[in-house]
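# Sharing a model that was predicted from the sequence below.
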Amino acid sequence: GGGSAVCKCVDVRVVWVLNGALYKMVRNMMGAALEVVKGTGTAEEVRERLRSGSRVNPPTPAPAKGLTLEWVYYDEDGETGED
């Protein structure tokens, strides 16, 4: 017989405010946050990764599906604030 899978899904809104972003940066940050939420990582581990700047053992990037860029803010000169 076929069993049925149960999905316990929750809608979550996370807001990142950045002055520029690198390739997969938001996916990596979200992946780190999800590790903490799922209990496979700790907030202290995330802080230590950020402090050290190390890319050894990076978080698994969050899937792009569901991530949405909603706004880009510009200053009065029409610049995004990047140097």
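That came through fine.
# Tell me the predicted confidence for residue 26.
Residue 26 is assigned a pLDDT of 90 by the prediction.
# Output the below-cut-off pLDDT ranges for the protein.
The model of the chain has pLDDT under 70 over residues 1-5, 7, 78-83.
# Which parts of it are strands?
Using DSSP state E, the chain contains no strands.
# pull the longest helix from it.
Longest helix of the chain, by residue count under DSSP state H: helix 25-38.
# buried sites along that helix?
26, 27, 28, 29, 30, 31, 32, 33, 34, 35 (16 or more other C-beta atoms under 10 Å). Quick note: C-beta positions are derived from backbone N, CA and C, even for glycine.
# could these go into CSV alongside distance to residue 50?
Shown next, in CSV, are the buried residues of helix 25-38 (distance: C-beta to C-beta, whole Å):
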residue, distance to residue 50
26, 15
27, 16
28, 11
29, 10
30, 14
31, 14
32, 9
33, 12
34, 16
35, 13
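# And these, which is closest to residue 48?
Relative to residue 48, the closest of these is residue 32; by C-beta to C-beta it sits at 11.1 Å.
# residues contacting that closest one?
Listed by C-beta atoms under 8 Å, 6 or more residues apart in numbering, the contact set of residue 32 reads 41, 46, 49, 59.
# If we use 6 Å, what do you get?
Contacts for residue 32 (C-beta atoms under 6 Å, 6 or more residues apart in numbering) come out as 46, 59.
# Now do the helices in this structure.
Counting by DSSP H, the helices of the chain are 25-38, 43-52.
# a markdown table for those, including distance to residue 17?
Below are the helices of the chain laid out as a markdown table (distance: least, C-beta to C-beta, whole Å):
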| stretch | distance to residue 17 |
| --- | --- |
| helix 25-38 | 11 |
| helix 43-52 | 16 |
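# Between these, which one is closest to residue 16.
Between residue 16 and these, the shortest gap by C-beta to C-beta is with helix 25-38, which sits at 5.8 Å.
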